[in-house]
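In: let me see the structure of the following:
(chains A and B)
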Amino acid sequence: ELKVEQNPLFLSMQEGKNYTIYCNYSTTSDRLYWYRQDPGKSLESLFVLLSNGAVKQEGRLMASLDTKARLSTLHITAAVHDLSATYFCAVDLYGGATNKLIFGTGTLLAVQP
Amino acid sequence: DAEITQSPRHKITETGRQVTLACHQTWNHNNMFWYRQDLGHGLRLIHYSYGVQDTNKGEVSDGYSVSRSNTEDLPLTLESAASSQTSVYFCASSESLEGTQYFGPGTRLLVL
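Out: Numbers count the residues shown, from 1 in each chain, chains lettered A, B, ... in the order given. Predicted structure coming up:
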């Protein structure tokens, strides 16, 4: 059974600081997705990582994928309040292109002024 | 603009009633998905479809059914609603099996 674990589950950080969210998964997969969810809202796609060593960056967020370690990271640089949200990683269930996603439980990020 | 919509946005029903949640997308995507979101569980896949007349069970499909009669719609039916099905339901679609999924606004369902 594929398990996707995120840590930390809750992260309170100050504006201007850097931090990393980790996403570990239990079976082989080279497809990983990151989403953002604001309170009471839908999910918004952030990154699609489709191969080992993939790195994507958008603004203050950078995501990477290490398929050998079964680990993805979402790095936040110089956090700002607007980044406060819940971040989810998701892994393709069978490791290949099925688009059947198993989600982590999410990381609630609160950026304090 | 192309979009994905869900209706109703909020629903209160009673135990034992049949409930259908609608999902409609205008992107012409072949792949469509239903998830439920509960505290502590993230999102869990209920059913999915790769095209017209194709439906498949996800990890939490018991008590739910879907049908796909056209590309645009994937309605989710709760055959006999139970209190354990109180949740937020999200529909999503994708263009390719590697691509990102685009999520609808969600339906909050309360089963009393």
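In: sketch out the low-pLDDT regions of chain B for me.
Out: Chain B contains residues with pLDDT under 70 at B:1-2.
In: quick one: contacts for the residue most central in space within it?
Out: Centre of chain B computed as the mean C-alpha position; nearest residue by C-alpha atoms, centre = their mean is B:W34, 3.1 Å away. Listed by C-beta atoms under 8 Å, 6 or more residues apart in numbering or on different chains, the contact set of B:W34 reads B:21, B:23, B:45-48, B:58, B:64, B:66, B:74, B:76, B:89-92. Bear in mind the C-beta positions are built from the backbone N, C-alpha and C, glycine included.
In: show me where chain A has its helices.
Out: Read by DSSP state H, chain A holds no helices at all.
In: residues from chain B in reach of chain A?
Out: B:31, B:33, B:35, B:40-45, B:48, B:58-59, B:90, B:92, B:94, B:96-106 (C-beta under 8 Å from any C-beta of the partner chain).
In: end-to-end on stretch B:97-106?
Out: One end of stretch B:97-106 sits 22 Å from the other (C-alpha to C-alpha, to the nearest Å).
In: list the buried residues of that stretch.
Out: By neighbour count with 16 or more other C-beta atoms under 10 Å in any protein chain shown, stretch B:97-106 contains the buried residues B:G99, B:T100, B:Q101, B:Y102, B:F103, B:G104, B:G106.
In: surely A:S26 and A:R70 touch.
Out: Yes - between A:S26 and A:R70 there is a contact under C-beta atoms under 8 Å: 6.9 Å.
In: and the two? which has more neighbours close in?
Out: A:R70 (17 against 13; other C-beta atoms under 10 Å in any protein chain shown).
In: residue contacts, that one?
Out: A:R70 neighbours (C-beta under 8 Å, 6+ apart): A:N24, A:Y25, A:S26, A:T27, A:T28, A:S29.
In: next: A:T86.
Out: A:R36, A:Q37, A:D38, A:P39, A:G106, A:T107, A:L108, A:L109.
In: which one of these has the most neighbours?
Out: A:G106 (23 neighbours).
In: confidence-wise, which of the contacts of A:T86 comes last?
Out: Ranked by pLDDT, the contacts of A:T86 bottom out at A:P39 (92).
In: hmm, back to that, of the contacts of A:R70, buried ones?
Out: Among the contacts of A:R70, those buried by neighbour count (16+ other C-beta under 10 Å) are A:N24, A:Y25, A:S29.
In: just put those residues in CSV and tack on pLDDT and distance to A:L43.
Out: CSV is the format used below for the buried ones among the contacts of A:R70 (pLDDT from 0 to 100; distance: C-beta to C-beta, whole Å):
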residue, pLDDT, distance to A:L43
A:N24, 96, 20
A:Y25, 94, 18
A:S29, 82, 19
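In: which of those fall within strands?
Out: Judged by DSSP state E, strands contain the following of these: A:N24, A:Y25.
In: can I get the buried ones among the contacts of A:R70 in TSV including distance to chain B?
Out: As requested, those are exported to TSV (distance: C-beta to the nearest C-beta, whole Å):
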residue	distance to chain B
A:N24	14
A:Y25	13
A:S29	12
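In: return the closest of the buried ones among the contacts of A:R70 with respect to B:W27.
Out: When these are compared for distance to B:W27 (C-beta to C-beta), A:S29 wins out at 25.3 Å.
In: on that earlier part again, state the pair within the contacts of A:R70 that is farthest apart.
Out: Pairwise distances across the contacts of A:R70 peak at 12.9 Å for A:N24 and A:T28 (criterion: C-beta to C-beta).
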